[in-house]
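Participant: sequence unknown, structure follows:
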C-alpha cells in the first residue's frame, strides 16, 4: 500500500468535505431534499376564509350581525332592517362600505330643516352625528353609550371639572343639559331653547311675578344677559348661584357711577374703599340685607319702608327698614341714659331730631347708610337738593359738637357736671 505524506492526506480529506457540502446545496436547490408538506403548512401564515355575503334582503344581515338589534333604541333603518340604505355590501364578502359620505346619510331620513338655526351645535354643523348618536342604536335613547349630562361632558370636559369642584349646582343640570340647551340648533346663543330671562322664567315664574308687580325694577333682571348678569346658570360657590360672593356680585356693576332716571347713584366701590366705617350689612358683605335684587315696592330697591324725603313727620312704620335691626325706642324715648350716646345729659337727641312734626329729620340727615370715615357712620355732608349740606360733626371724650348747615353750632355732653 502506497503511503502518502501526512500533509497530502489532510488535503485530500479537506477536498472531500467541500465536495459533500456542494452536493448538499445542489440537492436542496433541485428539490431532492424537500421540506415535508405538514411542516411547511405549519410555518405558513393562516388565511382567513372570506365568505360571500348572501343577497341583501330582509333579515339576511341579521343572521350574522345579531348584536346590531340587541338594543331597545334602534335607528329606524336598523329596525326595519334596511341595511343597504347606508351600507354597500360586497357580494364577494369582506367589510362593507357606506353608500355615501356619513354626514349625508342621516339626512336621508332626518329632515335637514329640523337642524337649522342661527346657532348650530358643532357636531351638527360638520355632519358628525355619530359624535353623539350610535348609527345603529343604543340602550340610552339615541345616545352613543351614555345619556343625560354625562354625554355632553364627554366633550365639554372643562364643565365636568367645574361640576366636580362646585359647592352648589343648578337643579336643572342634575339630569340633563337639554332642558335648557337645544342639542342640534337654536336661534339663541349657546343653543339655548329661549332667550333670557324667558328661559329661566319657565321654572322661576315667581321671580317674574315679583318683577312685574314691583314699583321699582332692577334693570339687570331683563337687560341682556338678564339673569346671567348675576347668576351662573350651571354651578357656583353660593347657594343662590351668584357669580361672586355677597357684595362682590353687586360691585360688578356698582363699582362706578350709575344714572337712574334723574338720579346718579354713588360710585359704591370707591365709597367703600375710602371709608372704613361700614354699615352692618356691608360688613357682612350682604347688600340683600337692605336691598331686593329683582324688584321692590320701595325706592332704591329697599326691602322695607324707609322715608324717601329729607324731612318727614315721624311714625314707626316709616322706619320699618331701620327698626328691623335697631330698637325703635332709640327715637321714641324722650329721656334716656342707656339707649344712645347721642344725648345731652339724659335728653335723647335722636328723639329731638327724628320724632317731630312736620319736619322730622330722617336717618340719612346725619348717617351715611353704606360707609363713612367717621364713627357711627356719621356723614361729612348730606345731599340737600343740589347742595351738599355740611354736618360738621366733631367727637369729644364726653360728647361732641355739630357745625352744620341745618342750625347754629351745637354741642352736647353726656355727663352733666354739677356746678360747685
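Facilitator: Everything's here; your move. It should be emphasised that the depicted structure is a prediction, and the values quoted were computed from it without experimental measurement.
Participant: Residue 245 - that's part of a strand, no?
Facilitator: No: under DSSP: H, G, I helix; E, B strand; the rest coil, residue 245 sits outside any strand and is assigned coil.
Participant: Is it correct that it is in contact with residue 238?
Facilitator: Yes: using C-beta atoms under 8 Å, residue 245 is in contact with residue 238, at 5.8 Å. C-beta coordinates here come from the backbone N, C-alpha and C atoms, glycine included.
Participant: and these two? which has more neighbours close in?
Facilitator: residue 238 (15 against 12; other C-beta atoms under 10 Å).
Participant: Contact partners for the more buried one?
Facilitator: 167, 168, 245, 246 (C-beta atoms under 8 Å, 6 or more residues apart in numbering).
Participant: and the gap between the closest residue to residue 325 other than its chain neighbours and residue 404?
Facilitator: Leaving aside its sequence neighbours, residue 325 sits nearest to residue 280 (C-beta to C-beta, 6 or more residues apart in numbering; 6.6 Å). Distance from residue 280 to residue 404, counting by C-beta to C-beta, to the nearest Å: 25 Å.
Participant: When the two are compared, which one has more neighbours?
Facilitator: Remark: of residue 280 and residue 404, residue 404 carries more neighbours, 19 against 12, as counted by other C-beta under 10 Å.
Participant: so where does that one fall, helix or strand?
Facilitator: Under DSSP states H and E, no helix or strand contains residue 404.
Participant: hang on, it packs against residue 394?
Facilitator: No: assessed by C-beta under 8 Å, residue 404 is found out of contact with residue 394, at 11.0 Å.
Participant: Strands of the stretch 51-200 of the chain, residue ranges please.
Facilitator: Using DSSP state E, counting those that start in this stretch, the strands found in the stretch 51-200 of the chain span residues 87-88, 97-98, 119-120, 168-169, 185-186.
Participant: quick one, which of these is packed in tightest?
Facilitator: strand 185-186 (a mean of 18; mean count of other C-beta atoms under 10 Å).
Participant: on contacts alone, who are the packing partners of that strand?
Facilitator: strand 119-120 (3 or more C-beta pairs under 8 Å, 6 or more residues apart in numbering; DSSP states H and E).
Participant: gap between the strand or helix carrying residue 383 and the chain center?
Facilitator: Using DSSP H and E, residue 383 maps to strand 381-384. Centroid displacement of strand 381-384 relative to its chain, using C-alpha atoms, centre = their mean, to the nearest Å, is 42 Å.
Participant: next one: stretch 331-347
Facilitator: Per C-alpha atoms, centre = their mean, the centroid offset for stretch 331-347 relative to its chain is 52 Å.
Participant: Return the set of buried residues in that stretch.
Facilitator: Going by neighbour count (16 or more other C-beta atoms under 10 Å), the buried part of stretch 331-347 is 331, 332, 333, 336, 339, 340, 342, 343.
Participant: So for residue 83, what's the nearest residue that isn't a sequence neighbour?
Facilitator: residue 61 (4.6 Å).
Participant: The one you found: what's it in contact with?
Facilitator: So residue 61 contacts 68, 81, 83, 89 (C-beta under 8 Å, 6+ apart).
Participant: ok, the residue nearest to residue 325 to residue 287 distance?
Facilitator: Counting by C-beta to C-beta - residue 280 and residue 287 are separated by 12 Å.
Participant: same question, residue 370
Facilitator: 9 Å.
Participant: more neighbours, these two?
Facilitator: Between residue 370 and residue 287, residue 287 has the larger neighbour count (other C-beta under 10 Å), namely 21 against 18.
Participant: Test my guess that that one contacts residue 278.
Facilitator: No: counting by C-beta under 8 Å, residue 287 does not reach residue 278; the two are 11.7 Å apart.
Participant: Quick check: pLDDT value at the closest residue to residue 187 other than its chain neighbours.
Facilitator: The shortest distance from residue 187 to any non-neighbouring residue, by C-beta to C-beta, 6+ apart, is to residue 118 (4.8 Å). pLDDT, the model's per-residue confidence, is 95 for residue 118.
Participant: Now do residue 118 against residue 191, distance only.
Facilitator: Taken as C-beta to C-beta, the span from residue 118 to residue 191 is 10 Å.
Participant: Compare the two (neighbour count), which wins?
Facilitator: residue 191 (22 against 10).
Participant: Let me know the distance separating the more buried one from residue 150.
Facilitator: 18 Å.
Participant: Would you point out the helix or strand in the chain whose mean pLDDT is lowest?
Facilitator: helix 37-43 (a mean of 47; mean pLDDT, DSSP states H and E).
Participant: ok, the one residue sitting closest to the centre of the chain - contacts?
Facilitator: Of all residues in the chain, the one closest to the mean position by C-alpha atoms, centre = their mean is residue 234, 3.7 Å from it. The neighbours of residue 234, taking C-beta under 8 Å, 6+ apart as the test, are 159, 162, 163, 166, 169, 170, 173.
Participant: one more time with 6 Å, if that's ok
Facilitator: Counting by C-beta atoms under 6 Å, 6 or more residues apart in numbering, residue 234 makes contact with 170, 173.
Participant: show me where pLDDT drops low in the chain?
Facilitator: Where the chain drops to pLDDT under 70, the residues are 1-51, 54-59, 69-74, 79-80, 138-145, 416-420.
Participant: and if we set it to 50?
Facilitator: For the chain, applying pLDDT under 50 flags the ranges 1-4, 6-10, 12-13, 20, 23-42, 44, 58, 420.
Participant: which residues in it form helices?
Facilitator: Assigned by DSSP state H, the helices in the chain fall at 6-30, 37-43, 76-79, 102-105, 122-125, 148-153, 157-165, 198-201, 205-213, 247-254, 268-274, 280-283, 329-332, 349-354.
Participant: can you list the residues that contact the fourth one?
Facilitator: When you say that, I think you mean helix 102-105. 86, 127.
Participant: go on, the third one?
Facilitator: Under the criterion C-beta under 6 Å, 6+ apart, residues 85, 136, 137 lie in contact with helix 76-79.
Participant: from those, which would you call buried?
Facilitator: The buried subset of these (16+ other C-beta under 10 Å) comprises 136, 137.
Participant: Columns distance to residue 208 on top of the contacts of helix 76-79, output as a markdown table?
Facilitator: Formatted as a markdown table, the contacts of helix 76-79 follow (distance: C-beta to C-beta, whole Å):
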| residue | distance to residue 208 |
| --- | --- |
| 85 | 48 |
| 136 | 44 |
| 137 | 41 |
